[in-house]
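**Student:** Let's see this in three dimensions:
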Amino acid sequence: MADKGFKSSSRSRRKRKRKKIEFKKKEFKYRGLSIEELKKLSYEELIPLLPSRMRRTLTRGLTERQSKLLTNIENAKKGDTIRTHCRNMIILPNFVDHTIYVHNGKEFQRVDIKPDMIGHYLGEFALTRQKVKHTGPGVGATRSSKFMPLK
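**Tutor:** Numbers count the residues shown, from 1 in each chain. Below you'll find the predicted structure:
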């Protein structure tokens with residue numbers, strides 16, 4: 001009986017210790033800068049922070065579609081929907097917390113931009129290919145191809 005009382009008290013002690021430990025949400029940093037600091041940077045100051053492929057693309061200049069999308073995002077409010085076919089646009093810090101609908105070839109897919117998406121392309125988050133779903137033989141199949149093993 002005394003043994004059982006000892007276990008319950010040590011168990012409750014462990015529970016109390018567990019409650020004291022609170023994990024702080026890790027603040028987002030991109031190359032050592034917070035999201036607010038990144039948003040304050042100018043276009044020219046931001047380019048050296050990006051990966052080489054993105055740096056090269058942005059130094060060549062934006063296309064007409066990309067610059068139009070950029071102005072739409074700058075003018076948009078928090079709840080506005082922005083639809084685009086421009087899958088090759090690089091996600092910049094001022095895109096964060098916006099919802100952009102990106103065309104995947106068939107429909108527009110919703111992409112909520114988060115801070116860790118900075119430096120990626122919009123098309124990476126709107127997948128164009130669907131998972132293959134194999135079913136039985138289709139209409140017009142021959143008698144021999146209609147055979148499906150029972151496995």
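**Student:** which one is residue 54 nearest to, not counting chain neighbours?
**Tutor:** Spatial nearest neighbour of residue 54, chain neighbours left out: residue 90 (5.0 Å); criterion: Cβ to Cβ, 6 or more residues apart in numbering. Any C-beta I mention is one placed from the backbone N, CA and C, and that applies to glycine too.
**Student:** who's in contact with that neighbour?
**Tutor:** Residues in contact with residue 90 (Cβ atoms under 8 Å, 6 or more residues apart in numbering) are 50, 54, 57, 58, 119, 120, 121, 122.
**Student:** can you check residue 97 too?
**Tutor:** By Cβ under 8 Å, 6+ apart, the contact list for residue 97 reads 78, 113.
**Student:** Next, it: secondary structure please.
**Tutor:** At residue 97 the chain is in coil, as set by DSSP: H, G, I helix; E, B strand; the rest coil.
**Student:** how near is it to residue 128?
**Tutor:** When distance is defined by Cβ to Cβ, to the nearest Å, residue 97 is 25 Å away from residue 128.
**Student:** what do you get for residue 122?
**Tutor:** 12 Å.
**Student:** How about residue 77?
**Tutor:** 29 Å.
**Student:** pLDDT score assigned to residue 78?
**Tutor:** pLDDT for residue 78: 80.
**Student:** Other residues contacting stretch 41-56?
**Tutor:** 30, 31, 33, 38, 58, 59, 90, 92, 93, 119.
**Student:** Let's have those in a markdown table, adding distance to residue 136, secondary structure and pLDDT.
**Tutor:** What follows is these, written out as a markdown table (distance: Cβ to Cβ, whole Å; DSSP: H, G, I helix; E, B strand; the rest coil; pLDDT from 0 to 100):
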| residue | distance to residue 136 | secondary structure | pLDDT |
| --- | --- | --- | --- |
| 30 | 50 | strand | 88 |
| 31 | 53 | coil | 88 |
| 33 | 55 | strand | 89 |
| 38 | 52 | helix | 91 |
| 58 | 50 | helix | 91 |
| 59 | 54 | helix | 92 |
| 90 | 44 | strand | 94 |
| 92 | 48 | coil | 93 |
| 93 | 50 | helix | 92 |
| 119 | 45 | coil | 92 |
